[in-house]
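[1] I'll drop the sequence and a predicted model, then ask my questions.
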Amino acid sequence: MIKVGIIGGAGYTAGELIRILLNHPKATIAFVQSNSQAGLPLTDIHTDLIGETELVFCSDVDYNADVLFLCMGHGRSRSFVEAIPPSYKGKIIDLSNDYRLKESSDGFIYGLPELNHELIKQSDKVANPGCFATAIQLALLPLASATRLNEVHIHAVTGSTGAGQACTSTTHFSWRNNNASVYKSFEHQHLGEIGESVLQLQPGFSKDINFVPMRGNYPRGILASVYLDSDLSEQEAKGLFSDYYSNHRFTFVVDKNPDVKQVVNTNKALVSVNKHGTKLHIVSAIDNLLKGASGQAVHNMNLLFGLDEAEGLHLKPVAF
């Protein structure tokens with residue numbers, strides 16, 4: 001059994017990790033660390049786990065774990081990693097943005113399996129992708145791999161859990177409910193990840209990637225609508241996508257435009273491809289907390305340890 005340690009265990013991504021790993025047939029949770037909740041039962045914070053676990057939050061880190069999942073939030077992972085004793089020989093999967101970009105990766109492999117499947121398997125340190133970045137890259141990678149990307153236009157909407165557990169003015173129910181808004185237009189932090197993956201597959205790409213993110217009035221799920229000029233026929237484009245994802249376990253090319261209820265509570269991504277005149281339109285849907293965070297992190301763990309990559313990730317969609 002893989003002994004798992006979770007650092008920063010009180011937030012949304014840690015909660016999803018715990019839910020998955022409690023039912024993972026090849027892993028066991030050795031400890032869940034939290035400075036703010038140390039000494040309290042996990043069920044005091046993750047109340048849906050009543051009857052599922054008797055684990056208690058701890059303050060110390062057990063470096064006998066085989067893998068550490070870092071769920072502390074952006075900007076805090078790097079100082080933690082720098083303080084890890086040299087004697088630690090386990091693996092690290094970081095869910096923050098501290099190591100995602102190449103210039104600051106410090107040996108971490110960018111953990112998008114649909115891009116770096118074989119590199120992840122050979123690594124000890126993985127930087128888990130961002131949620132928007134995951135959804136959008138899945139809409140772009142097949143085209144980039146065939147050097148058929150052009151200037152890209154993206155509108156994507158995310159649920160409120162994408163902002164984390166702490167209540168803010170834009171996640172508060174009375175503001176978010178029956179509302180929608182645009183934020184960080186053309187300057188979202190995930191653009192860096194997207195640009196690097198595109199260049200990895202289509203060197204020399206210099207066109208704009210125009211991204212307008214939106215807040216939705218629902219808790220979880222991302223729907224990305226992507227379009228660009230293309231001289232590919234619809235059949236050719238669908239063929240590119242089907243071929244690219246044919247050996248990937250969690251990304252499916254579908255005929256009808258997907259919706260978030262098809263993917264919420266799963267590690268699946270659904271992608272549709274259609275042609276409208278000269279425009280190629282790609283729609284991508286994922287659960288921001290699973291395929292966009294904790295589910296993808298467990299997928300990466302499975303790859304790191306040579307397991308079946310779908311182990312522990314046969315999850316039920318909410319459907320309605």
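    Arrived safely.
[2] Tell me the helix or strand right after the helix or strand of the chain with the lowest mean pLDDT.
    Least confident element among the helices and strands of the chain, by mean pLDDT, DSSP states H and E: helix 173-176 (a mean of 62). Downstream of helix 173-176, the first helix or strand assigned by DSSP states H and E is strand 181-182.
[3] Please state the offset of that following strand from the chain centre?
    Its chain's C-alpha centre and that of strand 181-182 lie 22 Å apart, by CA atoms, centre = their mean, to the nearest Å.
[4] Stretch 238-251 now?
    On CA atoms, centre = their mean, the centre of stretch 238-251 falls 18 Å from the chain's centre.
[5] Report the mean per-residue pLDDT for it.
    Mean pLDDT, computed over stretch 238-251, is 97.
[6] how about that stretch: buried residues?
    Using 16 or more other CB atoms under 10 Å as the test for burial, stretch 238-251 gives K238, G239, L240, F241, Y244, Y245, H248, R249, F250, T251. (C-beta placed from N, C-alpha, C; glycine too.)
[7] Over to stretch 190-208?
    Those would be H190, L191, G192, E193, I194, E196, S197, V198, Q200, L201, Q202, F205, for stretch 190-208 by 16+ other CB under 10 Å.
[8] taking those one by one, which sit in helices?
    L191, G192, E193, I194, E196, S197, V198, Q200, L201 (DSSP state H).
[9] In CSV, list those residues along with pLDDT.
    Shown next, in CSV, are these (pLDDT from 0 to 100):
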residue, pLDDT
L191, 87
G192, 88
E193, 93
I194, 92
E196, 94
S197, 93
V198, 93
Q200, 96
L201, 95
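[10] so what's the backbone phi/psi at the residue lying farthest from the centre of the chain?
    Residue farthest from the centre of the chain, counting by CA atoms, centre = their mean, is G277 at 32.4 Å. The phi/psi pair for G277 (degrees, to the nearest 10) reads phi 60, psi -120.
[11] Model confidence for it, exactly?
    97.
[12] if I pick it, what's in contact with it?
    Contacts for G277 (CB atoms under 8 Å, 6 or more residues apart in numbering) come out as none.
[13] List just the nearest of the buried residues of stretch 238-251 to D259.
    Nearest to D259 among these, counting by CB to CB, is T251 at 16.2 Å.
[14] Helices of the stretch 201-320 of the chain, residue ranges please.
    234-244, 294-304 (DSSP state H, counting those that start in this stretch).
[15] okay, the ones you listed in a markdown table with distance to V283 next?
    Converted to a markdown table, the helices of the stretch 201-320 of the chain look like this (distance: least, CB to CB, whole Å):
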| stretch | distance to V283 |
| --- | --- |
| helix 234-244 | 11 |
| helix 294-304 | 20 |
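[16] List just the one of the ones you listed that sits closest to T266.
    helix 294-304 (7.4 Å).
[17] Mind giving me the packing neighbours of that closest one?
    On a contact count with 3 or more CB pairs under 8 Å, 6 or more residues apart in numbering; DSSP states H and E, helix 294-304 meets helix 12-21, strand 67-70, strand 91-94, helix 113-121, strand 125-127.
[18] can you tell me which of these comes nearest to T266?
    helix 12-21 (11.0 Å).
[19] So for the lengthiest helix in the chain, what gets flagged as buried?
    The longest helix of the chain (DSSP H) is helix 131-145. By neighbour count on 16+ other CB under 10 Å, the buried set for helix 131-145 is 131-145.
[20] Now for V283: which residues touch it?
    A139, L223, A224, S225, V226, N257, P258, V271, S272.
[21] Alright, that wraps it up for me.
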